[in-house]
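In: mind looking at a prediction? Sequence and model below.
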Amino acid sequence: MSRRLPTAPEFIAGIRAGNRVVLGQAITLVESARPEHQALAREIIAQLLNAAGNDPSHVTGTIRNPPSAIRIAITGAPGVGKSTFIEALGMYLVEQGKKVAVLAVDPTSSVSKGSILGDKTRMERLSASEQAFIRPSPSGESLGGVARKTRETILLVEAAGYDTVLIETVGVGQSEITVHSMTDVFLLLLLPGAGDELQGIKRGIVEMADILAVNKADGDRVKLANQARAYYLNATHLLAPKTSGWTPRVLTCSSQENTGIAEIWHAIVEYQQSTLENGFFTENRRRQAEYWFREALDAGLKAAFFSHPAVQARLSELEPEVLAGRVSPFAAAEIVLKEFEL
Ligand code: GDP
């Protein structure tokens, strides 16, 4: 991007034509901290969303007019086989004629330079496919920043014609909740052998899952995988019914031997059909749009507040007073907030 930046119409034409280089550049704009890049990214996304047949169908998709893309969260403890699974599912979908985008949300990636999806050799076949687009996690100081960028990237890849968006996340808790708030269906990968404590999976994560898949059901692990399946089947039966009206499916697969992959895809399709029929799919996307709207307002307000010169002056004046116990935190906050009154 050191040369002249394409204009918004050039970006849009390139993205619509499915040009992966232009798509990658547009995502780089979304990820950039430079205000002029962000302004251009906003313009591109706004125009793409305004275009006929684009976002309205995402939000108001009905069974007769299904949303153009499905967004799938894929999570599980490190080593469970997420990359291997995404390669297997991605290749299966590509063979069905689908266009697959693989994104990641990994708030640790600014430290580790992309611990997930950073190494594309882990998805060798998929990354070589013309029908697949793989993008490592954006880096960022906060999960919120990473999440916002990924949310906008979803819109870009969908505008470029990717109909299946897989979003991988690390199995550590908060990032799953974030990915849950930007996807339609939540897939949790598990290891053979029972017990989520043993797998380092928090209870809340199991509750979020729409589909649970015990991976590595191959070789001498088949029996253990079936035991895990029975355990999780029982565990999901004990959970409160989901607002989606969907009963979680528990399946087994081997990403290495490509078994059970088609069954998982069928469960995803079934989930989509069932939630489109009962209205949950559309309602969920509406709620997500509202959530991200509020989040963006929140982030924008905070940024405007803390960059305001009068606020900054008062802050540096009052902070030592608060720390020394001479002014109460609440009184100080009120004084600083007053500097920002419109
Ligand atoms: P991630 O950290 O969750 O992305 O896991 P990876 O995809 O990197 O896989 C971790 C290890 O498990 C690698 O050595 C894979 O080859 C192996 N693995 C992944 N899926 C399977 C599977 O279905 N069967 C077996 N036997 N090994 C697998």
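Out: On my side now, so go ahead.
In: tell me, how many residues neighbour A324?
Out: 8 (other Cβ atoms under 10 Å). All C-beta spots, glycine's among them, are computed from the backbone N, C-alpha and C.
In: quick one: it from I335, how far?
Out: 16 Å (Cβ to Cβ, to the nearest Å).
In: name the nearest residue to the residue of the stretch 51-200 of the chain found nearest the ligand, ignoring sequence neighbours.
Out: Among the residues of the stretch 51-200 of the chain, G81 lies closest to the ligand, at 3.0 Å counting by Cβ to the nearest ligand atom. Counting by Cβ to Cβ, 6 or more residues apart in numbering, N215 is the residue found nearest to G81 once chain neighbours are left out, at 4.4 Å.
In: for that neighbour, report the pLDDT, please.
Out: If you check N215, the pLDDT there is 97.
In: roughly how far apart are it and G245?
Out: Distance, N215 to G245, by Cβ to Cβ: 27 Å.
In: please identify the helix or strand for K216.
Out: For K216, there is no helix or strand it lies in under DSSP states H and E.
In: how is this protein divided into domains?
Out: 1-52, 58-282, 290-338 (automatic domain parsing).
In: ok so, going back, N215 and G245 - which one has more neighbours?
Out: Set side by side, N215 and G245 show more neighbours around N215, with 27 against 12, by other Cβ under 10 Å.
In: ok, that one - contacts?
Out: G76, V80, G81, T84, F85, L189, L190, L191, T252, C253, S254, S255 (Cβ atoms under 8 Å, 6 or more residues apart in numbering).
In: what do you get for P241?
Out: T247.
In: same question for the one 4 residues further on.
Out: G245 is in contact with S274, T275, N278, F280, counting by Cβ under 8 Å, 6+ apart.
In: do you know how far the second one is from the ligand?
Out: In this case it means T275. To the ligand, T275 is 27 Å away according to Cβ to the nearest ligand atom, to the nearest Å.
In: what does the strand or helix carrying that residue contact?
Out: With secondary structure defined by DSSP H and E, T275 is part of helix 261-277. Outside helix 261-277, the residues within contact range by Cβ under 8 Å, 6+ apart are 61-63, 66, 70, 72, 85, 88-89, 92-93, 184-185, 187, 210-211, 213, 244-246, 249, 251, 253, 255, 281-282, 284.
In: quick one, which of these are buried?
Out: Buried members of these, counted by 16 or more other Cβ atoms under 10 Å: 61, 70, 72, 85, 88-89, 92-93, 184-185, 187, 210-211, 213, 244, 246, 249, 251, 253, 255, 281-282, 284.
In: strands of the stretch 151-300 of the chain, residue ranges please.
Out: 164-169, 185-190, 211-214, 249-252 (DSSP state E, counting those that start in this stretch).
In: tabulate those strands (CSV), appending distance to V22.
Out: Output for the strands of the stretch 151-300 of the chain, formatted as CSV (distance: least, Cβ to Cβ, whole Å):
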stretch, distance to V22
strand 164-169, 18
strand 185-190, 29
strand 211-214, 34
strand 249-252, 38
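In: now these in TSV, with distance to the ligand?
Out: Output for those, formatted as TSV (distance: least, Cβ to the nearest ligand atom, whole Å):
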stretch	distance to the ligand
strand 164-169	7
strand 185-190	7
strand 211-214	10
strand 249-252	10
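In: now do the contacts for R135.
Out: G24, I27, A101, V102, L103, A104, L117, T153, V157.
In: sort out for me which of those residues are in strands.
Out: A101, V102, L103, A104 (DSSP state E).
In: pick the one among those closest to T164.
Out: T164 has its nearest neighbour among those in A101, at 7.2 Å by Cβ to Cβ.
In: the closest one - how many residues pack around it?
Out: Based on other Cβ under 10 Å, the number of other residues close to A101 is 26.
In: can you tell me which residues contact the nearest residue to A296 once chain neighbours are set aside?
Out: Excluding its sequence neighbours, the residue lying closest to A296 (Cβ to Cβ, 6+ apart) is R148, at 7.0 Å. Applying Cβ under 8 Å, 6+ apart, one finds that R148 lies in contact with W292, E295, A296, A299.
In: the last one contacts L143, correct?
Out: No: between A299 and L143 there is no contact under Cβ atoms under 8 Å: 12.0 Å.
In: low pLDDT regions in this structure?
Out: 1-3, 51-68, 109-121, 141, 171-172, 194-201, 342 (pLDDT under 70).
In: and it, which residues reach the ligand?
Out: 76, 78-84, 122, 215-216, 218, 254-256 (Cβ under 6 Å from any ligand atom).
In: what subset of these is buried?
Out: 76, 80-84, 122, 215-216, 218, 254-256.
In: in helices only, show me those residues.
Out: K82, S83, T84 (DSSP state H).
In: quick one: contacts for the first one?
Out: Going by Cβ under 8 Å, 6+ apart, K82 touches I74, T75, G76, I116, E168, L189.
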